[in-house]
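> Mind folding the following:
(one chain, ligands or ions: 1)
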Amino acid sequence: MSTSPVKLGLPSVHGYAGVMSDFVYFVGSSLDGYIAQDDGGLAWLDKFDEVDGLGDSYKAFADGVGCVVMGGGTYEWIRNHHPGEWPYKVPCWVFTHHEFGTDDGADVVLVRGDVGTFAGELRRDAGEKDVYIVGGGSLAGQFVAAGLIDRIVLTIVPVALGGGVPLLGGSPLAVPADFTFEGLTERAGAVELRYRRAA
Ligand SMILES: NC(=O)c1ccc[n+]([C@@H]2O[C@H](COP(=O)([O-])OP(=O)(O)OC[C@H]3O[C@@H](n4cnc5c(N)ncnc54)[C@H](OP(=O)(O)O)[C@@H]3O)[C@@H](O)[C@H]2O)c1
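Numbering: from 1, shown residues only. Next comes the predicted model:
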């Protein structure tokens, strides 16, 4: 384990002249708009990993990702539930006020502050690839509120939880009105819905 450097509200690099990547919130949700149970439980969602094709969709998306972004809650959940199995090969930016450690080999930077402050750096880090907003809902909601999410890929599974961690940190199932529905894929009752922010 090693300790990462902490960046506190550094100014972003604006005016990046390369190919523009998308900021994408790629997420799985219950029928009633929750991305985890109150205790962080994801077993209700994980069982759909076995559905043919669902994993392929994530793999195709992940191949086009240049950096990942998550909140401290999600970071903690991953490290508690998959110790020593850091899942990302690309740089990961974690928004948190904690001084978390990192798994060996994980490229993780801890930041805090207004998400918009970091948009330029995230885009630069991703290069020509996409910025993957992993979640959770609280952090993704801040990116949406800042007008920084270009696409939402929302896989809804046919399970109702009745409560838990909301999709965007506010009301469950609230894909913002300025997003246009682009298409869907259905597999064994799980529906992948794809949205893009109107230009
Ligand atoms: N279903 C899915 O596809 C999916 C995807 C992702 C996550 N999840 C689940 O969602 C749950 C976590 O979601 P969540 O919404 O509760 O938490 P989260 O968004 O992962 O993290 C929220 C925490 O991050 C820190 N934070 C957020 N914004 C910040 C900012 N701008 N600056 C500094 N710190 C900031 C704050 O905590 P501190 O300051 O205390 O660090 C905040 O309480 C986990 O159970 C995870 O497994 C599910």
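
> from here on, contacts and neighbour counts on C-alpha atoms
OK.

> List the contacts of residue 22.
129, 130, 131, 149, 150, 151 (CA atoms under 8 Å, 6 or more residues apart in numbering).

> what about the fifth one, neighbour count?
Right, residue 150. Neighbour count for residue 150, taken as other CA atoms under 10 Å: 20.

> Please tell me how far it sits from residue 142.
13 Å (CA to CA, to the nearest Å).

> and the two most separated of the contacts of residue 22?
Pairwise distances across the contacts of residue 22 peak at 14.4 Å for 129 and 149 (criterion: CA to CA).

> what sits against the residue nearest to residue 38 when sequence neighbours are not counted?
Spatial nearest neighbour of residue 38, excluding adjacent residues (CA to CA, 6 or more residues apart in numbering): residue 164 at 4.3 Å. By CA under 8 Å, 6+ apart, the residues touching residue 164 are 34, 35, 36, 37, 38, 39, 40.

> ok, residue 159 touching residue 28?
No - contact criterion CA atoms under 8 Å: residue 159 and residue 28 do not qualify, at 11.3 Å.

> And those two? Which one has more around it.
Set side by side, residue 159 and residue 28 show more neighbours around residue 28, with 23 against 16, by other CA under 10 Å.

> Which strand residues bridge the more buried one?
Residue 28 has these beta-bridge partners by DSSP bridges: residue 155.

> Tell me the spacing between residue 87 and residue 81.
12 Å.

> Below-threshold pLDDT in the chain: ranges please.
By pLDDT under 70, the weakly predicted segments of the chain are 1-19, 171-173.

> if I pick the most centrally placed residue in it, what's in contact with it?
A centroid search over the chain (CA atoms, centre = their mean) returns residue 134, at 1.4 Å, as the residue closest to the centre. Counting by CA under 8 Å, 6+ apart, residue 134 touches 25, 26, 27, 68, 69, 70, 140.

> before we move on, back to that, turn the contacts of residue 164 into CSV, columns for secondary structure, neighbour count and distance to the ligand.
Shown next, in CSV, are the contacts of residue 164 (DSSP: H, G, I helix; E, B strand; the rest coil; neighbours: other CA atoms under 10 Å; distance: CA to the nearest ligand atom, whole Å):
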residue, secondary structure, neighbour count, distance to the ligand
34, strand, 26, 7
35, strand, 29, 4
36, strand, 23, 5
37, coil, 17, 7
38, coil, 13, 7
39, coil, 8, 7
40, coil, 13, 3
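
> Looking at those residues, which one is closest to residue 194?
Among those, and counting by CA to CA, the member closest to residue 194 is residue 35, at 16.5 Å.

> from what I can see the closest one touches residue 167, true?
Yes - the pair residue 35 / residue 167 is scored as a contact, 5.7 Å apart, by CA under 8 Å.
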